[in-house]
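Novice: Below is the sequence, then the predicted model.
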Amino acid sequence: MAGFSEDWVYPEDHPISRQRAEALLRGGLGAYYLKIVQQSCAPIYWYRSVAGGRGNIIANGTITFVRTPSRSFGVTANHVIQDYEALIGSEGLVAQIFRARYEPKIISRSERLDLITLEIPEQVLSNLGKEIVPLSLPRPHDVPQEGRGILLGGYVGQERREVSPSVVEWGMLGAVGVARRVSEKQITWSPDREHHIDVMGFPPLPPHKDLGGISGGPLIALFEKANGQLAYHSLGGVIVEANPQIENVVAIRSEFIRADGTLRHC
């Protein structure tokens with residue numbers, strides 16, 4: 001899905017008009033943006049093994065993949081891993097990232113930020129069964145701004161379908177929009193159904209949709225240089241909350257994530 005809010009002010013003297021931007025999103029650009037989201041994250045979930053395979057999935061979150069000059073790692077919301085840890089010791093508990101079994105190994109965590117970074121072994125990445133293109137952390141001068149472009153996504157628990165003990169169909173939220181609010185700690189986004197732009201036939205979100213499961217997903221900040229002629233992106237934040245009542249998605253800014261995977265506590 002994609003959209004521009006009615007109270008959003010288009011940047012002055014931008015070489016691409018608002019009408020042209022909307023047309024681009026309906027075309028290949030919108031699909032390209034959604035592919036960036038899809039390739040940067042995966043569902044992380046857990047279940048109990050039973051005779052004959054996998055039992056029903058207990059819960060899921062989303063993990064976002066990051067690559068820096070120092071290392072590669074995963075990041076998600078701390079409460080996602082806490083929910084899994086609460087069940088450790090119960091019989092047959094198994095965690096997975098998409099199709100790969102995974103035992104979380106923590107690099108750094110912060111309950112105050114609700115963030116956790118995790119080591120992702122190469123064997124896990126090779127067994128995922130999907131293409132991953134990790135995101136980079138923003139450069140010091142790349143600061144997300146209110147009213148500027150963002151992408152975000154994650155795997156909605158209500159949309160997953162357990163087809164068989166070996167097959168799960170995952171429903172991914174993917175959105176193109178603008179940052180509603182940006183503070184020193186958070187970036188927020190809200191859906192704008194009135195100005196929804198059809199991207200690949202995806203309908204607008206139903207009112208007050210439960211987006212549980214997207215915690216840990218990426219909020220990707222879009223940047224431009226050379227007066228709009230060159231566009232690039234980086235991880236702007238990590239989703240930690242999706243409130244269905246006020247229809248607000250909250251991400252903690254990625255400035256708290258260091259290149260070595262440790263967290264800078266606020």
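Specialist: On my side now, so go ahead. Residues are numbered from 1 along each chain as shown.
Novice: Please make it C-alpha for all contacts and neighbour counts, starting now.
Specialist: Noted.
Novice: how about the helices in this structure?
Specialist: Ranges of helices within the chain are 18-26, 28-40, 78-85, 122-127, based on DSSP state H.
Novice: Dump those helices to TSV, plus mean neighbour count and distance to residue 68.
Specialist: Rendered in TSV, the data for the helices of the chain read as follows (neighbours: other Cα atoms under 10 Å; distance: least, Cα to Cα, whole Å):
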stretch	mean neighbour count	distance to residue 68
helix 18-26	15	29
helix 28-40	18	14
helix 78-85	18	21
helix 122-127	13	15
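Novice: show me what contacts residue 205?
Specialist: The neighbourhood of residue 205, defined by Cα atoms under 8 Å, 6 or more residues apart in numbering, consists of 191, 193.
Novice: mind checking which of the helices of the chain is nearest residue 233?
Specialist: In this view, those are compared for proximity to residue 233 by Cα to Cα, and helix 28-40 is the closest at 9.5 Å.
Novice: what would the helices of the chain look like in TSV with distance to residue 152 and mean pLDDT?
Specialist: Written out in TSV, the entries for the helices of the chain read as follows (distance: least, Cα to Cα, whole Å; pLDDT from 0 to 100):
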stretch	distance to residue 152	mean pLDDT
helix 18-26	15	66
helix 28-40	7	91
helix 78-85	18	98
helix 122-127	22	96
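Novice: Mind pulling the model confidence for the residue nearest to residue 54 when sequence neighbours are not counted?
Specialist: Of all residues not flanking residue 54 in the chain, residue 165 sits nearest, at 5.2 Å (Cα to Cα, 6 or more residues apart in numbering). pLDDT, residue 165: 80.
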